[in-house]
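*Asks:* dropping a prediction and its sequence here:
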Amino acid sequence: MSLFSGMEAAHLAWAPLGWECVGVAEIDPAPCALLAHRLPHVPNLGSVTDITDEQIAALGRIDVVIGGSPCQDLSVAGNRAGLAGARSGLFHEQLRIFNAARTFCGARWLVWENVPGAFSSNRGRDFAVVAGALAGCELDVPRDGWGNEGVALGPNGLVEWSVLDAQWFGVAQRRRRVFAVLDTGDWAGRPPVLLEPDSLRGDSAPRREAGEAVTGTLSARTEGGGGLGTDFDCAGGLVPEVAPTLLAQGNRTGGDRPPGTSVDTCESLIPEVAHTLRADGFDASEDGTGRGTPLVPVAFDCKSSGQAGFGVGEIASTMRSMGHANCHQNGGGHLAVQQGMQVRRLTPRECERLQGATDDWTLVPNAKGKPMADGPRYKMLGNSFAVPVIRWIGWRIQIAHTWLQRAAA
């Protein structure tokens, strides 16, 4: 069961594993149109606040509930209202739905995704609420803050969390997100899901050939905060390199590969990818609203220098979904590409490839039956999971879920 479904990256990730999507929950018109077109047989239960126990029970057997509850109130790019905010507070609805799915449908696993700012929101107390609620206990904020990975154990089961970056899994995008997995089953008798050794996960720093690319510039930032390990850095505010090529399909860069993952993934689309343009008041959208475009903090800052400087390298910064008309120092502009001396925005298809999605997955009829405009496609992609990351998590869950049967055989 998928909550806050968007373009349904979980389906793209898990269908190759033989998993079936039994229910989605989405209210935005563009993703709803995509879901109706791509998954017409799957019921859309609408707003997570309105889903009832009866609707959940009617779905039948459920093994996994996944959802990336909205992150705007946890990100440093948002208003930092934390879990008290109207959007990020929807985490509690996600947990309520999982508990109902566990009671009526036998659900064992819950997967939650958010920005690394969840660790620092409300001085770390918000993530203490998240991890504690998942485990079924109260947790204190560690003296040194939350690490990039860890575990918590409570009456509900075992919670593992880890920060994973999409670039570790074969896509040319720097996209760090925190994932938490709750196992309410026999967690003691199976291998870890998220906490495998770095050498197997494939999250070693990408190899950079000397002289292969021009090093990017540290982003000029006038506001307070930021620095290594924050949302600002994680989202590409401190960008050493940006990608010259995109990948047609995502795969992990190390260890074994989950089923359905392509080994031959490289497909050169463009010679070089530049940092995203950024300027206060710049309307990056195609429809004039400033909404629905992926955002990446970049090295170009017209307020401080008035001159464009493009750092060119190997990995694109994080795609994000614009929520207001005015770009700002912590928000960025639209993802762009440098071709010779000219700069253009990435096409929706190129953004699909940055997320590891199927080409033209978001090119579907809209609610009025007309071709989906680029703006809503960018927004869906900027809000989405990176498909190869979710596929790897699903593959690890599948191993853990069937471990006892495998061991007995």
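*Replies:* Noted; the coordinates are in hand.
*Asks:* before we move on, what SS does the residue lying closest to residue 47 once chain neighbours are set aside have?
*Replies:* Spatially, and ignoring its direct neighbours in sequence, residue 47 is nearest to residue 27 (5.1 Å; C-beta to C-beta, 6 or more residues apart in numbering). Just so you know, the C-beta spots here come from the backbone N, C-alpha and C atoms, and that holds for glycine as well. Under DSSP: H, G, I helix; E, B strand; the rest coil, residue 27 falls in the coil class.
*Asks:* ditto for residue 404
*Replies:* Going by three-state DSSP, the secondary structure assigned to residue 404 is helix.
*Asks:* compute the number of surrounding residues for residue 360.
*Replies:* 12 (other C-beta atoms under 10 Å).
*Asks:* now do the contacts for it.
*Replies:* 349, 352 (C-beta atoms under 8 Å, 6 or more residues apart in numbering).
*Asks:* tell me the spacing between residue 362 and residue 116.
*Replies:* 26 Å (C-beta to C-beta, to the nearest Å).
*Asks:* neighbour-wise, which of the two wins?
*Replies:* Per other C-beta under 10 Å, whichever of residue 362 and residue 116 has more neighbours is residue 362, with 27 against 24.
*Asks:* secondary structure class for the closest residue to that one other than its chain neighbours?
*Replies:* Residue nearest to residue 362 in three dimensions, not counting chain neighbours: residue 377, with 4.2 Å by C-beta to C-beta, 6+ apart. State at residue 377, reduced to three classes by three-state DSSP: helix.
*Asks:* i'd like the first residue to be 847 from this point on
*Replies:* Renumbered: residue one is now 847, and that last one reads residue 1223.
*Asks:* contact partners for residue 1223?
*Replies:* Contacts for residue 1223 (C-beta under 8 Å, 6+ apart) come out as 876, 1138, 1194, 1197, 1208, 1209.
*Asks:* now list the buried members of these.
*Replies:* Neighbour counting by 16 or more other C-beta atoms under 10 Å classes 876, 1138, 1194, 1197, 1208 among the contacts of residue 1223 as buried.
*Asks:* from the residues you listed, pick the one nearest residue 988.
*Replies:* Nearest to residue 988 among those: residue 1197, at 36.6 Å, using C-beta to C-beta.
*Asks:* from residue 1208, how far off is the closest one?
*Replies:* On the measure of C-beta to C-beta, residue 1197 and residue 1208 end up 9 Å apart.
*Asks:* please enumerate the shared neighbours of the two.
*Replies:* Residues touching both residue 1197 and residue 1208 (C-beta under 8 Å, 6+ apart): 1223, 1227.
*Asks:* so how many other residues sit close to the nearest residue to residue 913 once chain neighbours are set aside?
*Replies:* Using C-beta to C-beta, 6+ apart and skipping residues adjacent in sequence, the residue nearest residue 913 is residue 849, 3.3 Å away. Applying other C-beta under 10 Å, we find 24 residues neighbouring residue 849.
*Asks:* and what of residue 1021?
*Replies:* Using other C-beta under 10 Å: residue 1021 sits among 27 other residues.
*Asks:* one more: residue 884?
*Replies:* Neighbours of residue 884 (other C-beta under 10 Å): 16.
*Asks:* isn't it up against residue 854?
*Replies:* Yes. Using C-beta atoms under 8 Å, residue 884 is in contact with residue 854, at 6.8 Å.
*Asks:* all strands of this protein, in order?
*Replies:* 848-849, 870-871, 910-913, 955-960, 995-1000, 1003-1011, 1022-1029, 1092-1093, 1112-1113, 1141-1142, 1179-1180, 1182-1185, 1188-1191 (DSSP state E).
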